[in-house]
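> Show me the folded form of this:
(chains A and B)
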There are 2 protein chains.
Amino acid sequence: MVRRAEVFRSKQGINLLTGHRVESLDTGRRRVAGTTLDGKNFEQGYDRLLIATGASAIIPDLPGVDLPGVLPLKSLEDGRRIKRRLKTETVKQAVIIGMGYIAMEMCESLSALGIQVAMVKPNPVFMPWLAADLADVVRDEVSARGVKIHAGHKPERIEATGAGLKLICSDLELEAEMVLVAVGVRPASELARGAGLELSVADSIAVDRQLRTSNTDIYSAGDCADAFHVVTGSRTWVPLALRANRAGWAVADNVCGQAKTLDGVAGTAAFRVFDMEVARTGLNAAEAERHGFEPAEMTIESASRAHTYGQSNPIFVSAVADRKTGRLLGMQMVGKEGAAHRINAPAVALHLGMTVAQYTQLDLAYAPPFGPTWDPTLIAANQLMKKI
Amino acid sequence: MVRRAEVFRSKQGINLLTGHRVESLDTGRRRVAGTTLDGKNFEQGYDRLLIATGASAIIPDLPGVDLPGVLPLKSLEDGRRIKRRLKTETVKQAVIIGMGYIAMEMCESLSALGIQVAMVKPNPVFMPWLAADLADVVRDEVSARGVKIHAGHKPERIEATGAGLKLICSDLELEAEMVLVAVGVRPASELARGAGLELSVADSIAVDRQLRTSNTDIYSAGDCADAFHVVTGSRTWVPLALRANRAGWAVADNVCGQAKTLDGVAGTAAFRVFDMEVARTGLNAAEAERHGFEPAEMTIESASRAHTYGQSNPIFVSAVADRKTGRLLGMQMVGKEGAAHRINAPAVALHLGMTVAQYTQLDLAYAPPFGPTWDPTLIAANQLMKKI
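Down below sits the predicted model:
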């Protein structure tokens, strides 16, 4: 997403000060202060302040992580740097540290360029947040595309070799001309912390449902701020685009004196890696247990289309419910088509606290090109009923 | 769907009497009676009776409708007859009477065989149940594929010509080697009517939420029976596969003495014609008005993928809400990808009586290959908020 500074200034009348790094926040005097790019100090007062500092890529504390050819991926500039390097250097092999959404998308993009990709991370469990059977399906797909997955290997250092780079783990060495670092992001909450604002999950900035921080004059929105989870009611931190965008709209209203309230997030997310769609909403069994539920879990295999239609692909659904209340707590899906869009129906159900029994009664769309008569999520709910 | 009679008899121990036409139902004596294929009379008593007679194709009262080459499409046998005719005769042109789901699917199948297809119906409005802008998109797609659409022409008779058939309307004549009749279905409720059971919308058999008819010993399920609509609370008749299948499971339990209750239908449906997906759930504006709501309607154009991703197709969403209560009443969608699966999120919302304001807060999945940051249904809901 690119927005030009002139538009803010000329069309919206906003005094946009680029090149001004805010370094401190004085909540008593209601002023921020910092340094400009040319080294001058500045101060700026406020009646209301919005902290929208986003998140920044986590760079592991790894010897050699600052070598040329070792690149994080978070900002537009990071992306440009990777593209430039792919143009100017010969990259035959790449190593990606991390196996999250971004790592998977990069792995697909690099593979499409004919680059041999290896992925590495310390945790031996591939996609631990995904039901084990579903994670296996994704892992098989990624491996089948020639990507080497090394889960359970902790990177220890990166060395420059004559030809390029070497990533060294305790029991594994990987040669590459490029090492991408995609181990996640952390909220850019240093300013808020320095000013004594309340922090939340993963050091995100705690905000109420109107995006107000623990200081009544200060709001926060975007990847730096937390959110309430509609299933648990607890604070959570989900740095994803829709929440950030929605919070941006709401906080603008609220800074201007309105009282727009946000319900919260369901933890709905989707990504694609090669031909495989992966989607989730709500809690998995482990998360459900941590939040005091008594989870029952059911994983089913269904089909992306009616069997009479042909051209069908398997689709795997895992559903989690609370044994005590019968409430649906989450669903996950993996499949070659239709997994991402299908996750939205259970997401709506979570917002309203639907039980699995209610879910089984839903009138979802059926036509042979789009799925079996019983939508895969209905089949999962029907089977889950037998466990609760 | 094909099920062999032997399986019912040998594996399930069901005394399956094929070739027995039931012609009367004596609710006082609890007996059905009729004639076998070889002309013998039979009677069969019951403690509980299930009427699952389905629906049958409507054949318009049209001179020439019984000519060879004029074919309805409802049963497996109808399908086989069409296939046989396509093999044994040279069919270069086909006329389809009707423009519903089945007519559209047939139009695509015949076009794929290189047959020039014309479609005709009396109502000048193409897909009157669909928001006008959305109907135009579908009509343009079908026309662009070379199908001739003649809406507003009432078929008057079919004549045999030397070469084939001629469908004659007041101001239009269409030549063809095959005329398909796909003007809809009606519930096969004659037996129920004859026995004095209460009938419902479109002469379907009225059943309660446990699939019981107005006679306590008699149940009905499938395309012959009605259902409650989750938005209106009123009786409706939606002869679609999921409801029929779900009612079949529930009624089996209830005939055996359980009390399985069905919530009802949302009128969710989807079909594909050529590359266009069409989907709906709930009420359109006219239906909403008829049921005493004060409908506000909003149609938006969005995209099937994020604009940064490329390869995107337009997706059109129409949303209807009640001005009095703010409640979401229905949504419709048309687009080249992702329309059918996307309809399920608003379908869930309808089951729980969600308001449009609540809908705008939903945490739906986002990733560039699957849609814009704000799902098209969220954009429609956001825009609809301005009208209510």
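
> Residue A:82 belongs to a strand?
No - checked against DSSP: H, G, I helix; E, B strand; the rest coil, residue A:82 lies outside a strand; its state is helix.

> Look at it and say how many residues are nearby.
If you count neighbours by other CB atoms under 10 Å in any protein chain shown, residue A:82 ends up with 20. For the C-beta atoms, the positions are set from N, CA and C on the backbone; glycine is no exception.

> I'd like the distance between the nearest residue to it once chain neighbours are set aside and residue A:85.
Excluding the flanking residues, the one nearest residue A:82 by CB to CB, 6 or more residues apart in numbering or on different chains is residue A:71, at 5.4 Å. Using CB to CB, to the nearest Å, one gets 7 Å for the distance from residue A:71 to residue A:85.

> what do you get for residue A:103?
According to CB to CB, residue A:103 and residue A:85 sit 17 Å apart.

> same check, this time on residue A:228
According to CB to CB, residue A:228 stands 41 Å off from residue A:85.

> Remind me what the longest helix seen in chain A packs against, helices and strands.
In chain A, ranked by residue count with DSSP state H as the criterion, the top helix is helix A:241-255. Using 3 or more CB pairs under 8 Å, 6 or more residues apart in numbering or on different chains; DSSP states H and E, the elements in contact with helix A:241-255 are strand A:218-220.

> Let's see that with 10 Å instead.
Here helix A:241-255 touches strand A:49-51, strand A:218-220, strand A:227-228, helix B:376-385, going by 3 or more CB pairs under 10 Å, 6 or more residues apart in numbering or on different chains; DSSP states H and E.

> Return the distance of the helix or strand following that helix from the chain's centre.
Using DSSP states H and E, the helix or strand that follows helix A:241-255 towards the C-terminus is strand A:269-273. Between the centre of strand A:269-273 and the centre of its chain there are 10 Å (CA atoms, centre = their mean, to the nearest Å).

> got the contact list for the nearest residue to residue A:255 once chain neighbours are set aside?
Take residue A:255 and drop its neighbours on the chain: the residue closest to it by CB to CB, 6+ apart is residue A:48, 5.0 Å away. Residues near residue A:48 by CB atoms under 10 Å, 6 or more residues apart in numbering or on different chains: A:30, A:212, A:216, A:217, A:218, A:219, A:251, A:254, A:255, A:256, A:257.

> I'd like to know which of those are buried.
Buried residues within the contacts of residue A:48, counting neighbours by 16 or more other CB atoms under 10 Å in any protein chain shown: A:30, A:212, A:218, A:219, A:251, A:254, A:255.

> got the contact list for the third one?
Residues counted as contacts of residue A:218 (CB under 10 Å, 6+ apart) are A:25, A:27, A:30, A:46, A:48-51, A:192, A:195, A:197, A:205, A:207, A:211-212, A:255.

> Go again with 8 Å.
Listed by CB atoms under 8 Å, 6 or more residues apart in numbering or on different chains, the contact set of residue A:218 reads A:25, A:27, A:48, A:49, A:50, A:51, A:192, A:195, A:197, A:212.

> Tell me the predicted confidence for the residue in the stretch 51-200 of chain A that chain B sits nearest to.
Nearest to chain B, among the residues of the stretch 51-200 of chain A, is residue A:101, at 7.8 Å (CB to the nearest CB). On the pLDDT scale, residue A:101 is placed at 89.

> and the closest residue to residue A:125 other than its chain neighbours, how many neighbours?
Nearest residue to residue A:125, sequence neighbours excluded (CB to CB, 6+ apart): residue A:151, at 6.7 Å. Residues near residue A:151, counting by other CB under 10 Å, number 16.

> Return the residues in contact with residue A:151.
A:99, A:120, A:121, A:123, A:124, A:125, A:126.

> Is the second one in a helix, a strand, or coil?
Just to be clear, that refers to residue A:120. Under three-state DSSP, residue A:120 falls in the strand class.

> give me the beta-bridge partners of it?
residue A:97, residue A:150 (DSSP bridges).

> Can you give me the distance of it to residue B:82?
Distance, residue A:120 to residue B:82, by CB to CB: 58 Å.

> Would you mind pulling the contact partners of the longest helix of chain A?
By CB under 8 Å, 6+ apart, helix A:241-255 touches A:48, A:50, A:52, A:54, A:210-212, A:219-223, A:225, A:227, A:260-262, A:265, B:361, B:363-364, B:366, B:373-374.

> Buried only: go through the residues you listed for me.
The neighbour count (16+ other CB under 10 Å) marks A:50, A:52, A:54, A:211-212, A:219-223, A:225, A:227, A:260, A:262, A:265, B:361, B:363-364, B:366, B:373-374 as buried among the contacts of helix A:241-255.

> before we move on, the earlier item: for my notes, confirm the residue nearest to residue A:82 occurs in a helix.
No - going by three-state DSSP, the assignment for residue A:71 is strand, not a helix.
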